[in-house]
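In: pasted the sequence and its predicted model underneath.
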Amino acid sequence: MREYDAIVIGGGSAGLAAAISLHKEGVQDILLLERDQELGGILNQCIHNGFGLKVFKEELTGPEYAERYVNEFLERNIPYKTKSMVIKMNKDRIVEYANEEEGFVQVKAKAIILTTGCYERNAGAIALPGQRPSGIITAGSAQKYLNMDGCLVGKKVFILGSGDIGLIMARRMTLEGAEVLGVAEVMPYSGGLKRNIVQCLEDYDIPLYLSHTVTEIIGEDHLQQIVLQEVKDFVPVEGTEKVFDVDTLLLSIGLIPEQSLAEQIGIALDKKTRGPIVDESYQTSVEGFFACGNALHVHDLVDFVSKESTQAGKAVAKYLRKTSKSEHAIQTIATKGVSYIVPQKIHTDYDEKHIDLFFRVDNVYTNKDIVLSSNNQVIKRYKRKHLAPAEMEKIVLPTSVLQNLQGDLQVALEVRES
């Protein structure tokens, strides 16, 4: 059985960045496995611009952004296999994959990095009421059909959910000649970035219905109408029904980290992120398994995926050098106003000067403080003018602060008044 130093599962933005980072750190014996026919992942179908501002300091389309990483990856001659589906793995870090050329293959690694990305929630996930005609499709699938296959999935369109993919597809469908009648969001705030609300809806006079949801699907063979209704505390309000004649309903109702492989070996998952619980080096609860990118937690910008995965690659290289770790770890706890924190634990002997804590809030806040505390004592306070669930936040924490906690192995993060 062929053994590698590291196997990277997934060839999108996270996998490419992690593999390149590993290679830069001197790890040469790498194998990257990608189930699609080419590298680049979901970026290949994201032909709109807005990528690369953080990493490359210029605005790129998705394929252009992916090309930068693919080119560097290929220049480094890192071994990879496309059209190769990982079927199974175990705690001994044996990976089983299959493809047309080799058939069924087993390989082993000293470390495995999960960069499997995320998937879209579908109609079944929200128990969408009514019949099940054709014409109901996730926004990401519609994006692939249009941008890669040249197929416009509908002409009279409504979008349920205000995630960024849905907002971008509202503009994209409009530009291709479809009539987008509106976007509905069950929450009182948008699930997408502010810039996408402006550029994709307001600039095209597409209405956004906050605190609304679809309460009925009408149509037998193909979608004919939807009923939209206002909601209060997630309960439809009587008398607020609006009927729309449509042939297509796009769903943009959230993304979930793809963790079917992690679940096979019992990797502990965070109930909020739905991705693995990791430490400061992105190592999961199972020795030798790491996770980063959207497989860890869903990011709002691909630039953050690449930066995080670059750090993960460095951490895995360090792990392969057999750097020992303290058994003691500080738990990071999300409290009032904070939905989740990554990483969920930090070893007390972490030797870098700073650590980045990524988190999301559970509501829209203005002029608040993000407070890190231990044993009810404030450690650090960070001011924020604006906070929203759609935007991932980051605080930079000096590790010296954590080393002075005097035995308390928990720190809490919360939103407070300034």
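Out: Happy to help now that I have it. Residues are numbered from 1 along each chain as shown.

In: H212 versus Y340, what's the distance?
Out: Y340 is 26 Å from H212, where distance means C-beta to C-beta, to the nearest Å. Bear in mind the C-beta positions are built from the backbone N, C-alpha and C, glycine included.

In: now swap in Y80 and tell me
Out: Y80 is 45 Å from H212, by C-beta to C-beta.

In: ok, now L128?
Out: Distance check for L128 against H212: by C-beta to C-beta, it reads 14 Å.

In: same question for Q199.
Out: Distance check for Q199 against H212: by C-beta to C-beta, it reads 22 Å.

In: look at those two and report which has more neighbours.
Out: H212 (22 against 17; other C-beta atoms under 10 Å).

In: give me phi/psi at A295?
Out: Note on A295: backbone dihedrals following degrees, to the nearest 10 are phi -70, psi -20.

In: start at 43, not 1
Out: All right, first residue 43 from here; so that's A337.

In: the strands in the stretch 143-292 of the chain, which residues?
Out: Shown for the stretch 143-292 of the chain, the strands assigned by DSSP state E, counting those that start in this stretch span residues 145-156, 160-162, 178-180, 198-202, 221-227, 250-252, 254-260, 267-274, 277-278, 284-287, 290-293.

In: redo these as JSON lines? Include distance to T377 and mean pLDDT.
Out: Shown next, in JSON lines, are the strands of the stretch 143-292 of the chain (distance: least, C-beta to C-beta, whole Å; pLDDT from 0 to 100):
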{"stretch": "strand 145-156", "distance to T377": "28", "mean pLDDT": "98"}
{"stretch": "strand 160-162", "distance to T377": "26", "mean pLDDT": "96"}
{"stretch": "strand 178-180", "distance to T377": "33", "mean pLDDT": "96"}
{"stretch": "strand 198-202", "distance to T377": "32", "mean pLDDT": "98"}
{"stretch": "strand 221-227", "distance to T377": "26", "mean pLDDT": "98"}
{"stretch": "strand 250-252", "distance to T377": "27", "mean pLDDT": "97"}
{"stretch": "strand 254-260", "distance to T377": "29", "mean pLDDT": "96"}
{"stretch": "strand 267-274", "distance to T377": "27", "mean pLDDT": "97"}
{"stretch": "strand 277-278", "distance to T377": "28", "mean pLDDT": "94"}
{"stretch": "strand 284-287", "distance to T377": "39", "mean pLDDT": "98"}
{"stretch": "strand 290-293", "distance to T377": "32", "mean pLDDT": "98"}
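
In: looking at these, which is closest to P440?
Out: Closest approach to P440 among these (C-beta to C-beta): strand 145-156, 27.3 Å.

In: helices or strands up against the closest one?
Out: strand 44-51, strand 136-141, strand 331-333, helix 344-362 (3 or more C-beta pairs under 8 Å, 6 or more residues apart in numbering; DSSP states H and E).

In: so of those, which one's packed in deepest?
Out: Among the helices and strands packed on strand 145-156, ranked by average contacts under mean count of other C-beta atoms under 10 Å, first place goes to strand 331-333 (a mean of 27).

In: which strands or helices does that one pack on?
Out: Partner elements for strand 331-333 (3+ C-beta pairs under 8 Å, 6+ apart): strand 145-156, helix 344-362.

In: so how far is the first one off the chain centroid?
Out: The reference is to strand 145-156. Offset of strand 145-156 from its chain centre (C-alpha atoms, centre = their mean, to the nearest Å): 23 Å.

In: angle of that strand against strand 44-51?
Out: Between strand 145-156 and strand 44-51, the angle comes out at 60 degrees (axes from the mean of the first three to the mean of the last three C-alpha atoms, to 10 degrees).

In: what's strand 145-156 in contact with?
Out: Strand 145-156 is contacted from outside by 43-52, 57, 60, 73, 129, 131, 134-141, 301, 303-304, 318, 326, 330-334, 337, 354-355, 358, 361-362, using C-beta atoms under 8 Å, 6 or more residues apart in numbering.

In: buried residues, it. List them.
Out: Of all the residues in strand 145-156, those buried under the rule 16 or more other C-beta atoms under 10 Å are V147, V149, K150, A151, K152, A153, I154, I155, L156.

In: partner strands of that strand and their direction?
Out: When pairs are called by DSSP bridges, strand 145-156 turns out to pair with strand 44-51 (parallel), strand 136-141 (antiparallel), strand 331-333 (parallel).

In: and K125, that one's in a helix?
Out: No: with DSSP: H, G, I helix; E, B strand; the rest coil as the criterion, K125 is assigned coil and is not in a helix.

In: measure it to E227 for me?
Out: Taking C-beta to C-beta, one finds K125 at 38 Å from E227.

In: ditto for T408
Out: Separation of T408 from E227 (C-beta to C-beta): 19 Å.

In: those two: which has the busier surroundings?
Out: E227 (24 against 10).

In: so that one sits against G203, correct?
Out: Yes: using C-beta atoms under 8 Å, E227 is in contact with G203, at 6.5 Å.

In: and for those two, which residues touch both?
Out: Joint contacts of E227 and G203 (C-beta under 8 Å, 6+ apart) are G233.

In: and I372, that's in a strand?
Out: Yes: I372: assigned to a strand according to three-state DSSP.

In: number of nearby residues for it?
Out: 21.

In: before we move on, what about the one 3 residues further on?
Out: In terms of burial, I375 registers 15 neighbours under the definition other C-beta under 10 Å.

In: helix or strand: which one has it?
Out: In this structure, I375 sits in strand 371-376 according to DSSP states H and E.

In: that strand pairs with which strands, parallel or anti?
Out: Strand 371-376 pairs in its sheet with strand 387-389 (antiparallel), strand 452-459 (parallel), by DSSP bridges.

In: which one of those strands lies nearest to K314?
Out: Shortest distance between K314 and those, using C-beta to C-beta, is found for strand 452-459: 12.7 Å.
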